[in-house]
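*Asks:* no letters, just coordinates:
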């Protein structure tokens, strides 16, 4: 966490000089040059005021570091040391040259900064860069039980797009398989479900169940046992 130190004096050389000129007009009315709208800068008095302003700015800079020095002294008193030097890390993006499908970048590959070539980084681990296209990408909004396929957004435009907006309802399908289901002819059977841990809201979910043809099930029985009738199995 960065702690911003308070500034005891926020004035710079320009502000100090302007304040000194105002005071000179009050206490030195005989100084004709300083009374002008634009005093002559070759005037020895103006030169001294500017030197004074610059030196005052330097003193103020040291003065503003007093809170920081006190804070560091307090950290030293309670036994907190400065963080040791650490190696700088930066994310890198590798792009394949035109026509290339794959490139291997070994660990400790040296990479210079485009802004300052003297700044050189090294890759930490080996990397194989490959050329591929995204086939599908989805975002899910569990609160609305909806999802969105963003493949057209990714491949069709460089502009941004919203995620988690939930355009399409999530299909809920439960598949069962058992040797007893291998009927040679279509048949209506009764499937029983037994629940060890259940909630009353399950009754609402089962009331919305239907078979693969969209035919609603009829449910009977009390939880934790539920019977689904008219289950058509081809």
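*Replies:* Looks like it arrived, so ask away. Note that the structure is predicted; figures quoted are calculated from it, not measured.
*Asks:* what sits against the closest residue to residue 135 other than its chain neighbours?
*Replies:* On the basis of Cβ to Cβ, 6 or more residues apart in numbering, the spatially nearest residue to residue 135 that is not a chain neighbour turns out to be residue 151, at 7.3 Å. Where you see a C-beta, it was placed from the backbone N, CA and C, and this is true even at glycine. By Cβ atoms under 8 Å, 6 or more residues apart in numbering, the residues touching residue 151 are 134-137.
*Asks:* most neighbours out of those residues, which is it?
*Replies:* residue 137 (13 neighbours; other Cβ atoms under 10 Å).
*Asks:* is it in contact with residue 147, as I believe?
*Replies:* No: the criterion here is Cβ atoms under 8 Å, and residue 137 misses it with residue 147 at 10.9 Å.
*Asks:* helix, strand or coil: sort out residue 14 for me.
*Replies:* Taking DSSP: H, G, I helix; E, B strand; the rest coil as the rule, one finds residue 14 in the helix state.
*Asks:* against residue 56, how distant is it?
*Replies:* 11 Å (Cβ to Cβ, to the nearest Å).
*Asks:* and residue 139, how many residues sit next to it?
*Replies:* 16.
*Asks:* helices and strands around the helix or strand encompassing it, which ones?
*Replies:* Under the criterion DSSP states H and E, the helix or strand holding residue 139 is strand 138-141. Applying 3 or more Cβ pairs under 8 Å, 6 or more residues apart in numbering; DSSP states H and E, one finds that strand 138-141 makes contact with strand 146-149.
*Asks:* buried sites along the strand it packs on?
*Replies:* Of the residues in strand 146-149, those buried under the neighbour-count criterion (16 or more other Cβ atoms under 10 Å) are 146-148.
*Asks:* and the residue nearest the centre of this protein?
*Replies:* Per Cα atoms, centre = their mean, the C-alpha nearest to the average position across the chain is that of residue 91, at 13.8 Å.
*Asks:* just the strands in this protein please.
*Replies:* Using DSSP state E, the strands assigned to the chain run over residues 102-105, 110-112, 120-122, 127-130, 138-141, 146-149, 168-169, 187-194, 218-220, 225-233.
*Asks:* determine the set of other helices and strands touching the third one.
*Replies:* Yep, that's strand 120-122 we're talking about. Other elements packing on strand 120-122 under the criterion 3+ Cβ pairs under 8 Å, 6+ apart are strand 110-112.
*Asks:* off-centre distance for the strand it packs on?
*Replies:* Counting by Cα atoms, centre = their mean, to the nearest Å, strand 110-112 is centred 26 Å from the centre of its parent chain.
*Asks:* what does stretch 30-40 give?
*Replies:* The gap between the average C-alpha position of stretch 30-40 and the chain average comes to 57 Å, counting by Cα atoms, centre = their mean.
*Asks:* check stretch 29-47 too.
*Replies:* Here stretch 29-47 shows a centroid-to-chain-centroid distance of 56 Å under the convention Cα atoms, centre = their mean.
*Asks:* then stretch 66-77?
*Replies:* Using Cα atoms, centre = their mean, the offset of stretch 66-77 from its chain centre is 33 Å.
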